[in-house]
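Enquirer: Mind folding the following:
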Amino acid sequence: MKSNWLALAAIAAAWAVPAQAQMVRAQDPGSVVRALQDGGYAAKLGTDQVGDPMITSGVGGTTFQIFFYNCTDHAECATVQFHSGYDFTTSPGLETINEWNRNNRFGRAYLDDEDDPIIEMDVDLDDGGLSPLLFIDNIEFWESTLSNFEKHIGFRAAAAATATCVPSPAAGHSGARSLPWYINNDTVSVRGTSYVKYGLPRVLGPNEVEQYGSYKGGFFYGEAGADSREVLYLLTDLAGCEFQPYQESV
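Expert: Residues are numbered from 1 along each chain as shown. Presented below is the predicted three-dimensional model:
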């Protein structure tokens with residue numbers, strides 16, 4: 001009888017280990033990356049400013065970060081937070097943010113120190129985590145939340161309101177925001193110099209920039225009339241005149 005019980009226990013253990021390994025858990029950042037990529041989303045694992053894991057991904061043309069919290073020595077984390085920030089010339093204002101928070105249960109919004117809007121959503125991946133299917137359901141909900149928030153704060157409308165954008169740098173080119181190297185925050189090389197993404201996308205007019213170079217299907221611009229090219233601007237959305245700053249890699 002004892003040998004039969006041990007055999008059954010061994011079979012149960014054999015099934016339990018693969019099931020646990022397939023779950024999306026904050027203790028295993030790689031499981032989050034795999035779930036995102038299997039769901040058709042770009043994902044790049046890195047670290048944040050304090051050394052904890054951080055994943056960069058994107059939905060609907062918006063780059064966002066997944067920060068890991070409740071970590072022990074930069075590992076064995078318990079929860080994650082989806083985070084997206086927006087760079088505005090004129091802040092949408094505190095009342096707009098308060099209105100969002102009053103009317104929306106998910107997606108906490110606030111203004112940062114520069115009065116730019118930030119939106120975040122927490123997900124608990126402790127105690128066994130989530131199945132990949134349920135995790136992707138959270139990502140899809142986050143994608144819908146981002147879209148609604150961007151409409152609420154007028155983010156796309158502000159970009160589209162720019163009178164004229166730069167001419168299309170190539171036939172059919174609409175911007176680089178869907179290119180894998182852009183979503184993955186890769187270092188790029190333009191005219192022999194390496195650049196890295198920094199800061200948030202911004203809306204620039206045709207008199208503010210001039211075309212400078214290209215990289216793997218993306219087109220970079222420099223400040224009009226400036227001699228220095230320490231900072232370049234990648235055209236990410238032609239319709240909205242949206243550019244992502246890149247700075248020289250040191």
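Enquirer: alpha carbons only for contacts and neighbour counts from here, please
Expert: Noted.
Enquirer: Please name the nearest non-neighbouring residue to the spatially most central residue of the chain.
Expert: Nearest to the geometric centre of the chain sits residue 64, at 1.8 Å (C-alpha atoms, centre = their mean). Spatial nearest neighbour of residue 64, excluding adjacent residues (C-alpha to C-alpha, 6 or more residues apart in numbering): residue 84 at 4.8 Å.
Enquirer: Just list whatever residues bridge to the one you found.
Expert: residue 119 (DSSP bridges).
Enquirer: Now do the same contact list for it.
Expert: Listed by C-alpha atoms under 8 Å, 6 or more residues apart in numbering, the contact set of residue 84 reads 63, 64, 65, 118, 119, 120.
Enquirer: correct me, but the fifth one touches residue 85?
Expert: Pointing back at residue 119 there. Yes - Residue 119 is in contact with residue 85 according to C-alpha atoms under 8 Å; the separation is 6.5 Å.
Enquirer: returning to that earlier point: report the separation between the residue nearest to residue 64 and residue 179.
Expert: As judged by C-alpha to C-alpha, to the nearest Å, residue 84 and residue 179 stand 19 Å apart.
Enquirer: again, but for residue 89
Expert: From residue 89 across to residue 179, the span is 26 Å (C-alpha to C-alpha).
Enquirer: Equivalent analysis for residue 218, please.
Expert: 8 Å.
Enquirer: the more surrounded of the two?
Expert: residue 218 (20 against 15; other C-alpha atoms under 10 Å).
Enquirer: Give the bridge partners for that one, please.
Expert: residue 215.
Enquirer: for residue 233, same thing?
Expert: Beta-bridge partners for residue 233, by DSSP bridges, are residue 221, residue 245.
Enquirer: With residue 62 instead?
Expert: Where residue 62 sits in a bridge, its partners, by DSSP bridges, are residue 59.
Enquirer: Can you give me the neighbour number for it?
Expert: For residue 62, the count of nearby residues is 18 (other C-alpha under 10 Å).
Enquirer: Ok, residue 126 next?
Expert: Number of residues near residue 126 (other C-alpha under 10 Å) recorded here: 17.
Enquirer: That one reaches residue 78, doesn't it?
Expert: Yes - the pair residue 126 and residue 78 passes the contact test of C-alpha under 8 Å, sitting 4.6 Å apart.
Enquirer: Between the two, which contacts overlap?
Expert: Both residue 126 and residue 78 are in contact with 25, 26, 27, where contact means C-alpha under 8 Å, 6+ apart.
Enquirer: ok, how many other residues are close to the first one?
Expert: So that's residue 25. Using other C-alpha under 10 Å, residue 25 has 27 other residues around it.
Enquirer: Model confidence for it, exactly?
Expert: For residue 25, the pLDDT comes out at 95.
Enquirer: tell me the phi and psi of the residue nearest to it when sequence neighbours are not counted?
Expert: Using C-alpha to C-alpha, 6+ apart and skipping residues adjacent in sequence, the residue nearest residue 25 is residue 129, 4.5 Å away. Backbone geometry at residue 129, expressed as degrees, to the nearest 10, gives phi 80, psi -160.
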